[in-house]
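In: kindly generate the corresponding structure for this input.
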Amino acid sequence: MNRPFHRSFQGIVGVALFIAVLVGGTGCSTIPRSAGPAYYPEPQNSTPPLSLSRSQIRDRLIAQYESWKGTRYRRGGMSRSGIDCSGFVHVIFRDHLDLQLPRTTQTLAETGKRIYDQNLAAGDLVLFKTGWFGKHVGIYIGDSRFIHASKSEGVTLSSLHDDYWAQNFWMARRVAIPSSGP
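Out: Sure thing, here's the model as predicted:
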(Lines give C-alpha, C1' and ligand atoms only; values in the text may rest on other atoms or scores of the structure.)
Protein backbone atom coordinates (compact mmCIF):
# COMPACT_ATOMS: atom_id res chain seq x y z
CA MET A 1 0.00 0.00 0.00
CA ASN A 2 1.21 3.51 -0.82
CA ARG A 3 2.70 5.02 2.39
CA PRO A 4 1.20 8.57 2.11
CA PHE A 5 -2.24 7.09 1.31
CA HIS A 6 -1.93 4.67 4.24
CA ARG A 7 -1.10 7.52 6.66
CA SER A 8 -3.99 9.63 5.31
CA PHE A 9 -6.38 6.72 5.67
CA GLN A 10 -5.20 6.10 9.25
CA GLY A 11 -5.73 9.79 10.00
CA ILE A 12 -9.26 9.75 8.63
CA VAL A 13 -10.12 6.61 10.61
CA GLY A 14 -8.62 8.18 13.75
CA VAL A 15 -10.67 11.35 13.33
CA ALA A 16 -13.84 9.32 12.70
CA LEU A 17 -13.27 7.27 15.86
CA PHE A 18 -12.59 10.44 17.86
CA ILE A 19 -15.85 11.98 16.63
CA ALA A 20 -17.76 8.77 17.42
CA VAL A 21 -16.45 8.80 20.99
CA LEU A 22 -17.12 12.52 21.34
CA VAL A 23 -20.70 12.20 20.09
CA GLY A 24 -21.31 9.20 22.32
CA GLY A 25 -22.83 7.07 19.60
CA THR A 26 -26.46 7.61 20.53
CA GLY A 27 -27.34 11.21 19.84
CA CYS A 28 -29.47 12.85 22.47
CA SER A 29 -30.13 9.68 24.41
CA THR A 30 -26.86 9.18 26.22
CA ILE A 31 -26.99 9.10 29.99
CA PRO A 32 -24.01 10.86 31.55
CA ARG A 33 -21.56 8.69 33.47
CA SER A 34 -22.33 10.71 36.60
CA ALA A 35 -25.90 9.41 36.55
CA GLY A 36 -24.69 6.23 38.27
CA PRO A 37 -26.03 2.75 37.70
CA ALA A 38 -29.45 2.58 36.15
CA TYR A 39 -32.09 -0.07 35.67
CA TYR A 40 -33.47 -0.48 32.19
CA PRO A 41 -36.61 -2.57 31.94
CA GLU A 42 -36.75 -5.07 29.13
CA PRO A 43 -38.28 -3.58 26.00
CA GLN A 44 -41.99 -4.29 25.57
CA ASN A 45 -42.36 -6.72 22.69
CA SER A 46 -46.11 -7.20 22.79
CA THR A 47 -48.76 -4.58 22.36
CA PRO A 48 -51.94 -5.27 24.37
CA PRO A 49 -55.07 -3.28 23.49
CA LEU A 50 -55.06 0.33 24.67
CA SER A 51 -57.34 1.27 27.54
CA LEU A 52 -57.20 5.01 26.89
CA SER A 53 -58.79 6.48 23.80
CA ARG A 54 -56.47 8.23 21.35
CA SER A 55 -58.19 11.54 22.13
CA GLN A 56 -57.50 11.04 25.86
CA ILE A 57 -53.86 10.25 25.08
CA ARG A 58 -53.61 13.31 22.84
CA ASP A 59 -55.16 15.56 25.51
CA ARG A 60 -52.67 14.30 28.12
CA LEU A 61 -49.74 14.81 25.75
CA ILE A 62 -50.79 18.35 24.80
CA ALA A 63 -51.19 19.23 28.50
CA GLN A 64 -47.70 17.91 29.18
CA TYR A 65 -46.28 19.79 26.23
CA GLU A 66 -47.79 23.03 27.59
CA SER A 67 -46.27 22.26 30.98
CA TRP A 68 -42.79 21.41 29.62
CA LYS A 69 -42.71 23.85 26.68
CA GLY A 70 -39.38 25.67 26.46
CA THR A 71 -37.59 23.48 29.03
CA ARG A 72 -33.99 23.60 27.87
CA TYR A 73 -32.20 20.65 26.36
CA ARG A 74 -29.59 18.95 28.55
CA ARG A 75 -27.92 15.73 27.47
CA GLY A 76 -28.78 13.04 30.03
CA GLY A 77 -31.26 15.38 31.74
CA MET A 78 -34.54 14.21 33.24
CA SER A 79 -35.91 17.28 34.98
CA ARG A 80 -37.37 20.71 34.30
CA SER A 81 -33.89 22.21 34.64
CA GLY A 82 -32.90 20.29 31.48
CA ILE A 83 -33.99 17.19 29.60
CA ASP A 84 -32.95 15.25 26.52
CA CYS A 85 -35.20 13.61 23.94
CA SER A 86 -35.34 10.11 25.40
CA GLY A 87 -35.55 11.50 28.94
CA PHE A 88 -38.58 13.54 27.88
CA VAL A 89 -40.28 10.46 26.40
CA HIS A 90 -39.38 8.41 29.48
CA VAL A 91 -40.74 10.99 31.96
CA ILE A 92 -43.96 11.70 30.03
CA PHE A 93 -44.84 8.03 29.63
CA ARG A 94 -43.87 7.18 33.22
CA ASP A 95 -45.57 10.08 34.98
CA HIS A 96 -48.57 10.78 32.77
CA LEU A 97 -49.37 7.66 30.78
CA ASP A 98 -48.51 5.03 33.43
CA LEU A 99 -45.97 3.19 31.31
CA GLN A 100 -42.33 2.49 32.13
CA LEU A 101 -40.31 2.81 28.91
CA PRO A 102 -36.57 2.36 28.41
CA ARG A 103 -34.36 5.41 28.87
CA THR A 104 -32.35 5.53 25.65
CA THR A 105 -33.38 6.22 22.08
CA GLN A 106 -31.78 2.98 20.90
CA THR A 107 -33.78 0.84 23.33
CA LEU A 108 -36.95 2.83 22.55
CA ALA A 109 -36.34 1.90 18.89
CA GLU A 110 -36.75 -1.76 19.95
CA THR A 111 -39.84 -1.19 22.10
CA GLY A 112 -43.40 -1.96 21.11
CA LYS A 113 -44.40 -2.64 17.53
CA ARG A 114 -43.08 -0.95 14.41
CA ILE A 115 -45.84 0.78 12.46
CA TYR A 116 -46.10 2.53 9.13
CA ASP A 117 -46.09 6.32 9.29
CA GLN A 118 -49.50 6.54 7.59
CA ASN A 119 -50.95 4.68 10.61
CA LEU A 120 -49.58 7.07 13.24
CA ALA A 121 -51.82 7.86 16.22
CA ALA A 122 -51.39 9.99 19.34
CA GLY A 123 -48.89 8.40 21.71
CA ASP A 124 -46.79 6.67 19.05
CA LEU A 125 -43.03 7.18 19.14
CA VAL A 126 -41.40 8.81 16.13
CA LEU A 127 -37.71 8.16 15.64
CA PHE A 128 -35.13 9.88 13.49
CA LYS A 129 -31.55 9.22 12.40
CA THR A 130 -29.78 12.55 12.73
CA GLY A 131 -26.27 11.68 11.55
CA TRP A 132 -23.87 8.78 11.41
CA PHE A 133 -24.53 7.81 15.01
CA GLY A 134 -27.23 10.22 16.12
CA LYS A 135 -30.76 9.20 16.90
CA HIS A 136 -33.70 11.28 18.12
CA VAL A 137 -37.14 10.43 19.48
CA GLY A 138 -40.40 12.30 19.97
CA ILE A 139 -44.05 11.56 20.75
CA TYR A 140 -46.63 11.89 18.00
CA ILE A 141 -49.73 13.94 18.96
CA GLY A 142 -51.66 13.96 15.67
CA ASP A 143 -51.99 16.13 12.56
CA SER A 144 -48.39 15.27 11.54
CA ARG A 145 -47.05 16.93 14.72
CA PHE A 146 -44.88 15.59 17.52
CA ILE A 147 -43.47 16.84 20.81
CA HIS A 148 -39.82 16.37 21.71
CA ALA A 149 -36.77 17.83 23.40
CA SER A 150 -34.78 19.56 20.67
CA LYS A 151 -31.11 20.42 21.14
CA SER A 152 -31.70 23.89 19.70
CA GLU A 153 -35.16 24.76 21.09
CA GLY A 154 -35.65 22.60 24.18
CA VAL A 155 -39.07 21.00 24.56
CA THR A 156 -40.96 21.96 21.45
CA LEU A 157 -43.63 20.99 18.94
CA SER A 158 -42.56 20.13 15.38
CA SER A 159 -44.09 18.86 12.16
CA LEU A 160 -43.11 15.64 10.45
CA HIS A 161 -43.39 17.64 7.22
CA ASP A 162 -40.59 20.06 8.16
CA ASP A 163 -37.72 19.40 5.74
CA TYR A 164 -35.26 18.36 8.46
CA TRP A 165 -37.60 15.89 10.15
CA ALA A 166 -38.99 14.51 6.88
CA GLN A 167 -35.46 13.84 5.57
CA ASN A 168 -34.32 12.17 8.81
CA PHE A 169 -37.43 10.13 9.65
CA TRP A 170 -36.40 6.59 10.58
CA MET A 171 -39.44 4.75 11.94
CA ALA A 172 -42.46 4.85 14.23
CA ARG A 173 -43.25 2.51 17.15
CA ARG A 174 -46.50 1.87 18.98
CA VAL A 175 -46.35 1.06 22.68
CA ALA A 176 -49.18 -0.08 24.93
CA ILE A 177 -50.59 2.65 27.16
CA PRO A 178 -52.60 1.21 30.07
CA SER A 179 -55.64 2.86 31.65
CA SER A 180 -54.93 5.07 34.65
CA GLY A 181 -58.06 3.81 36.38
CA PRO A 182 -61.83 3.97 36.11
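In: that's a strand at Tyr140, yeah?
Out: Yes. Under DSSP: H, G, I helix; E, B strand; the rest coil, Tyr140 sits within a strand.
In: what about it, neighbour count?
Out: Neighbours of Tyr140 under the rule other CB atoms under 10 Å: 25. All C-beta atoms are positioned from the backbone trio N, CA, C, and that covers glycine.
In: residue ranges for the strands of this structure, please.
Out: With DSSP state E as the criterion, the chain has strands at 78-79, 82-83, 113-115, 125-129, 135-142, 145-150, 154-159, 169-174.
In: which sections of the protein are below the confidence cut-off?
Out: When residues are selected by pLDDT under 70, those of the chain lie in 1-50, 178-182.
In: hey, where'd the helices end up in it?
Out: 3-23, 54-68, 85-96, 105-108, 163-168 (DSSP state H).
In: these two touch, right, Tyr73 and Thr156?
Out: No. Look at Tyr73 against Thr156 with CB atoms under 8 Å: they stay out of range, at 9.4 Å.
In: any residues in contact with both of these two?
Out: Residues touching both Tyr73 and Thr156 by CB atoms under 8 Å, 6 or more residues apart in numbering: Ala149, Ser150.
In: the two: which is more packed in?
Out: Taking neighbours as other CB under 10 Å, Tyr73 and Thr156 compare with Tyr73 leading, 21 against 18.
In: so what's the nearest residue to Ile141 once chain neighbours are set aside up against?
Out: Leaving aside its chain neighbours, Ile141 sits nearest to Leu61 (4.9 Å; criterion: CB to CB, 6 or more residues apart in numbering). By CB under 8 Å, 6+ apart, the contact list for Leu61 reads Ile92, His96, Ala122, Gly123, Ile139, Ile141, Ile147.
In: how many residues are close by the closest residue in space to Arg103 that isn't next to it in sequence?
Out: Leaving aside its sequence neighbours, Arg103 sits nearest to His90 (CB to CB, 6+ apart; 5.2 Å). The number of residues packed near His90 is 22, by other CB under 10 Å.
In: could you number the chain from 32 rather than 1 from now on?
Out: Sure, I'll start numbering at 32, so the last one becomes His121.
In: with Gly185 as the reference, measure out to His121.
Out: Using CB to CB, to the nearest Å, His121 is found at 16 Å from Gly185.
In: next one: Leu156
Out: 19 Å.
In: neighbour count: those two, which is higher?
Out: Taking other CB under 10 Å, Leu156 and Gly185 do not tie; Leu156 has more neighbours (26 against 18).
In: surely the more buried one meets Thr142?
Out: Yes. Leu156 is within contact range of Thr142, at 7.5 Å (criterion: CB under 8 Å).
In: got the contact list for Ile208?
Out: With CB under 8 Å, 6+ apart, Ile208 has these contacts: Leu81, Ser82, Leu83, Ile88, Phe124, Leu128, Asp129, Leu130, Gly154.
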